[in-house]
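Output the structure for:
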Amino acid sequence: MDVMIVDDEPAARRSVRECCAREPDLQVVGEYGDPRAALAAIRQRPPQLLFLDIQMDSMTGMELARSLDPAMLPLIVFVTAYDHYALEAFEVSAVDYLLKPFDDARFKAMLARVRRRHESAGSFDRQGALASLLEQLERQARGQAEAQPRVLGENGGRLHMLEVSQVELVEADRNYVRLVIGRDSFHARSTLQQAEKSFQGQPMLRISRSCLVNTRHVRQISRTPRGDFILVVAGGTTVTSSEGYREPVRQYFERLKLAPG
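Residues are numbered from 1 along each chain as shown. All right, here's what the predicted structure looks like:
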């Protein structure tokens with residue numbers, strides 16, 4: 001099967017690509033971080049199997065799926081960080097999903113299901129199944145957006161509504177957490193563990209017991225002589241990983257490296 005991968009996170013694309021490379025009947029013919037470029041490529045050469053991230057900035061996976069030609073609709077596997085309530089929508093649909101992060105066993109289970117559908121291509125209404133799934137996903141996405149799109153932070157005696165996607169890092173500060181956006185910092189009464197729950201859906205990486213970094217905002221990475229990681233986020237704030245978190249941080253950024261051609 002010809003395969004395309006669409007995800008704005010390089011690490012996620014690489015994970016899918018490496019899993020596909022171990023399957024002799026899968027051939028990756030395209031890989032895109034820009035969903036609009038992906039849409040143009042799909043229209044020009046529709047794949048048989050499409051791995052599609054749901055949450056992307058310039059165009060969501062749901063918007064991309066709705067833009068596809070119903071007559072040339074590929075088998076779609078949504079790649080998602082949604083919680084178990086949203087997964088119920090996938091389970092009852094004719095379209096499969098991968099929950100980030102996924103392992104080899106989950107990938108193989110998904111692939112077995114995809115192969116069965118590919119072999120019996122005319123036995124189910126692919127377009128109707130996709131339309132039903134997208135409707136359920138959009139209801140779930142609206143519910144998530146209403147539930148926790150922003151957090152409250154205090155700065156200079158005033159409370160501010162902060163978009164969670166704009167927060168570059170979260171640091172524990174006694175009975176509070178410090179939220180950094182650009183050159184500004186805000187405080188909220190919370191533990192780091194409680195704050196982490198509010199940032200579900202964001203690519204937060206714990207680099208020490210007291211610090212979470214939103215990897216979308218990391219701009220520079222270097223190492224100390226001891227091997228710890230020094231991260232600079234978009235607003236210029238610098239943070240350093242601790243020894244106990246050195247290896248998971250290394251593994252995370254190792255996955256972002258471009259594979260050799």
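
Could you export stretch 187-198 as CSV, keeping only the C-alpha atoms?
The C-alpha coordinates for stretch 187-198 follow below in CSV (Å, rounded to 0.1, in the frame of the first residue of the first chain):
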residue,chain,number,x,y,z
HIS,A,187,2.1,32.9,38.9
ALA,A,188,-0.7,30.5,39.7
ARG,A,189,-1.4,28.7,42.9
SER,A,190,-0.9,25.1,41.8
THR,A,191,1.5,22.1,42.0
LEU,A,192,3.5,21.2,38.9
GLN,A,193,1.5,17.9,38.7
GLN,A,194,-1.8,19.8,38.8
ALA,A,195,-0.6,22.3,36.1
GLU,A,196,0.6,19.4,33.9
LYS,A,197,-3.0,18.2,33.7
SER,A,198,-4.2,21.6,32.5
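
So which bits of it are buried?
Residues of stretch 187-198 classed as buried by neighbour count (16 or more other CB atoms under 10 Å): 188, 190, 192, 195, 196, 198. Bear in mind the C-beta positions are built from the backbone N, C-alpha and C, glycine included.

Can you show me the helices along this protein?
Under the criterion DSSP state H, the chain contains helices at 10-21, 35-44, 61-66, 84-91, 104-119, 126-147, 192-198, 246-254.

Where among those helices is average confidence lowest?
Note on the helices of the chain: lowest mean pLDDT is at helix 84-91, with a mean of 47.

Can you tell me which of the buried residues of stretch 187-198 is nearest residue 101?
Of all these, residue 196 has the smallest distance to residue 101: 15.8 Å, by CB to CB.

Now compare the buried residues of stretch 187-198 and name the two farthest from each other.
188 and 196, at 12.5 Å, using CB to CB across the buried residues of stretch 187-198.

on that earlier part again, distance to residue 64 added to the buried residues of stretch 187-198, as a markdown table?
Output for the buried residues of stretch 187-198, formatted as a markdown table (distance: CB to CB, whole Å):
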| residue | distance to residue 64 |
| --- | --- |
| 188 | 35 |
| 190 | 35 |
| 192 | 35 |
| 195 | 32 |
| 196 | 29 |
| 198 | 28 |
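
ok, the residues you listed vs residue 109, which is closest?
Of all those, the one with the least separation from residue 109 (CB to CB) is residue 196, at 28.5 Å.

can you pull the contacts of that closest one?
For residue 196, the contacting residues are 170, 204, 206, 212, by CB atoms under 8 Å, 6 or more residues apart in numbering.

Ends of stretch 234-250, what's the gap?
Counting by CA to CA, to the nearest Å, you get 20 Å between the two ends of stretch 234-250.

got it, and stretch 29-48?
End to end - CA to CA - stretch 29-48 spans 10 Å.

Next: stretch 6-25.
Per CA to CA, stretch 6-25 runs 19 Å from first to last residue.

Pull out the buried residues from that stretch.
Buried-residue list, stretch 6-25, by 16+ other CB under 10 Å: 6-9, 11-17, 19-20.

okay if I get the residues you listed as CSV plus distance to residue 68?
Shown next, in CSV, are the buried residues of stretch 6-25 (distance: CB to CB, whole Å):
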residue, distance to residue 68
6, 11
7, 17
8, 18
9, 21
11, 25
12, 20
13, 19
14, 24
15, 23
16, 19
17, 21
19, 23
20, 20
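
Return the subset of the contacts of residue 196 lying in strands.
170, 204, 206, 212 (DSSP state E).

Pull the contacting residues for the third one.
Contacts for residue 206 were tallied using CB under 8 Å, 6+ apart; they are 196, 212, 245, 248.

who wins for most neighbours among those?
Per-residue neighbour counts (other CB atoms under 10 Å) across those peak at residue 212, which has 22 neighbours.

Quick check: residue 112 vs residue 236, distance?
48 Å (CB to CB, to the nearest Å).

again, but for residue 99
Relative to residue 236, and taking CB to CB, residue 99 is found at 34 Å.
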